[in-house]
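[1] Everything below, folded, please.
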Amino acid sequence: MHKTEQTRLVLHLDMDAFYAAVEQHDHPAYRGKPVVVGADPKGGTARGVVATCSYEARKFGIHSAMPISQAYRRCPNAVYVVPRFTRYREISQQVMKILQEYSPQLLQISIDEAFIEITQTANFHGGAQALAEKLQARIKNEIGLTASVGVAPNMFVAKVASDLQKPDGLTICEAGQEKIFLAPLPIKKLWGVGPKTEAQLQKIGFTTIGHVAQCSQKMLAEKLGKWGAHLWELANGIDARPVEDWGPRKSISQEHTYDQDVADLNMVEQTIWRIADGLSADMRRMELKGQVLTMKIRLEGFETFTRQRKLPEYMNDAETIRAVALELFRKFDCKGKKVRLIGVGMSHLNNTGGEQLSLFQSDNDRQHRDRVVNLLETIRDKHGEEAATRASLLETA
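    As a prediction, the model looks like this:
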């Protein structure tokens with residue numbers, strides 16, 4: 001007698017308005033008010049963007065990636081908050097720890113969302129719906145936040161499902177119903193479809209996922225290449241990817257957009273110092289080191305340039321990042337144009353742990369440097385990015 005194959009069950013959890021929800025949790029006075037997390041709007045003149053916003057703010061048409069100046073015009077009376085990433089990571093770790101208690105197969109894809117495979121564990125909790133409800137209740141009771149959950153036979157459909165009844169929603173797509181479940185949804189719900197691909201699909205005449213599913217896979221592949229063939233599979237609810245790590249992170253970066261284009265190159269170099277400190281801190285927390293440093297420079301008129309340098313060893317210390325980035329910047333000819341954005345990134349990463357000594361300092365300096373960097377991180381988390389800077393920033397490096 002053959003054993004019946006068990007129906008696969010994948011759960012996707014997405015925290016609701018995560019950054020804004022953390023701010024409302026930590027600051028009771030913010031609850032019930034529109035909260036916008038992102039750059040300081042500076043009375044509507046700033047150039048930054050919205051990281052996320054509360055559901056109260058979304059009623060005004062505010063959304064993530066919107067220019068902060070536009071958000072301010074829509075709701076000048078909202079509570080505008082500078083992100084506290086250390087705090088968000090702390091809460092994220094608590095959420096992931098709870099998720100791991102329901103399945104050993106966990107794939108975290110961002111700070112506020114993750115998949116778990118519950119095929120083997122759902123029955124221990126009374127089924128998929130009961131497990132999902134327990135999970136939501138624990139996050140609400142133990143952390144004080146809400147999460148939306150989708151359950152389906154594969155990762156793609158589970159992710160789509162988690163987005164349909166936000167906030168604090170639970171949507172389940174039964175096995176065999178994937179294609180019917182997806183058909184009426186807009187094509188932008190397809191995983192990986194951005195504005196450009198959406199426009200391409202609309203030119204073909206597709207407006208819903210069902211339209212994509214009904215066409216031939218060969219035709220879509222001819223229009224969009226291999227990516228088109230993959231979209232056809234997703235539209236038909238086909239996704240065999242296992243819930244497992246998709247591989248190591250390939251790059252990490254930080255950048256800064258100025259409120260006004262900057263002609264003072266010393267000011268740009270000061271920004272590079274701050275970026276080096278922040279990027280190094282993030283890499284050390286993640287136990288990452290990189291070997292290729294990339295400098296990104298955007299001038300007035302939105303001309304964007306990159307410059308790269310391969311390092312002799314894997315590095316993650318601020319001094320090396322700062323020194324190489326400054327050298328690349330000083331060799332770059334701005335041709336008299338002002339700087340709009342400056343960024344620094346590291347790629348060719350490894351995560352072997354530990355930290356490589358800087359090319360520019362001895363082992364005896366490292367403990368002192370770490371104390372300084374840790375102090376800067378603490379001050380910035382409490383008082384904002386501009387609250388702490390090295391004395392060396394006041395000098396020409």
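[2] So which residue is dead centre in this structure?
    Among the residues of the chain, S110 comes closest to the average C-alpha position under C-alpha atoms, centre = their mean, at 5.4 Å.
[3] helices or strands up against the strand or helix carrying A281?
    Secondary structure from DSSP states H and E places A281 in helix 265-285. Helix 265-285 makes packing contacts with strand 251-262, helix 318-331, strand 339-350, helix 363-383 when contacts are defined by 3 or more C-beta pairs under 8 Å, 6 or more residues apart in numbering; DSSP states H and E. In short, each C-beta sits where N, CA and C put it, glycine included.
[4] Buried residues, the next helix-or-strand element following it. List them.
    Moving toward the C-terminus from helix 265-285, the next helix or strand (DSSP H and E) is strand 289-299. Buried residues in strand 289-299, counted by 16 or more other C-beta atoms under 10 Å: 289-291, 293-295, 297-299.
[5] Buried residues in the next helix or strand along the chain from strand 289-299, which are they?
    On the C-terminal side of strand 289-299, the nearest following helix or strand under DSSP H and E is strand 304-315. Residues of strand 304-315 classed as buried under the neighbour-count rule (16+ other C-beta under 10 Å) are 311, 314-315.
[6] Output those residues as JSON lines; include the columns distance to A235.
    Formatted as JSON lines, the entries for the buried residues of strand 304-315 read as follows, by distance: C-beta to C-beta, whole Å:
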{"residue": "L311", "distance to A235": "44"}
{"residue": "Y314", "distance to A235": "41"}
{"residue": "M315", "distance to A235": "44"}
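[7] mind giving me CSV with these and columns for pLDDT?
    Formatted as CSV, these follow (pLDDT from 0 to 100):
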residue, pLDDT
L311, 92
Y314, 91
M315, 90
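[8] Which one of these is nearest to L279?
    Within these, distances to L279 taken as C-beta to C-beta reach their minimum at M315, with 11.0 Å.
[9] State the pLDDT value of the nearest residue to K33 once chain neighbours are set aside.
    With C-beta to C-beta, 6 or more residues apart in numbering as the criterion, K33 has its nearest non-adjacent residue at 5.5 Å, and that residue is V79. If you check V79, the pLDDT there is 97.
[10] Which residues are in contact with V79?
    Taking C-beta atoms under 8 Å, 6 or more residues apart in numbering, we find V79 in contact with 23, 30, 33-36.
[11] low-confidence ranges in the stretch 201-350 of the chain?
    Segments of the stretch 201-350 of the chain classed as low confidence (criterion: pLDDT under 70) are 246-248.
[12] Other residues contacting whichever strand or helix holds V95?
    When secondary structure is defined using DSSP H and E, the element that contains V95 is helix 85-100. Helix 85-100 is touched from outside by 13, 15, 18-19, 22, 26, 106, 108, 111-112, 114, 116, 135, 138-139, 142-143, 145, 147, 285, 377, 381, with contacts defined as C-beta under 8 Å, 6+ apart.
[13] and that helix, what's its mean pLDDT?
    Averaged across helix 85-100, pLDDT comes to 95.
[14] How far off centre is stretch 270-287?
    Centroid separation between stretch 270-287 and its chain, computed with C-alpha atoms, centre = their mean, to the nearest Å, is 17 Å.
[15] Any buried residues in that stretch, and which?
    The neighbour-count check on stretch 270-287 (16+ other C-beta under 10 Å) flags 270-284 as buried.
[16] so which of these comes closest to C215?
    When those are ranked by distance to C215 (C-beta to C-beta), D282 comes first, at 43.0 Å.
[17] and the closest one, what is it in contact with?
    Under the criterion of C-beta under 8 Å, 6+ apart, the contact list for D282 reads 252, 254.
[18] what's the spacing between it and G194?
    Taking C-beta to C-beta, to the nearest Å as the measure, D282 and G194 are separated by 25 Å.
[19] And for F181?
    Distance of F181 to G194, given as C-beta to C-beta: 22 Å.
[20] Those two - which one has more neighbours?
    Taking neighbours as other C-beta atoms under 10 Å, F181 and G194 compare with F181 leading, 20 against 8.
[21] hang on, the earlier thing: taking helix 265-285 as reference, get the angle to the helix holding V95.
    Helix 85-100 runs at 20 degrees relative to helix 265-285, counting by axes from the mean of the first three to the mean of the last three C-alpha atoms, to 10 degrees.
[22] Next SSE downstream of helix 85-100?
    Sequence order places strand 106-110 as the next helix or strand after helix 85-100, per DSSP H and E.
[23] Thanks a lot, catch you later.
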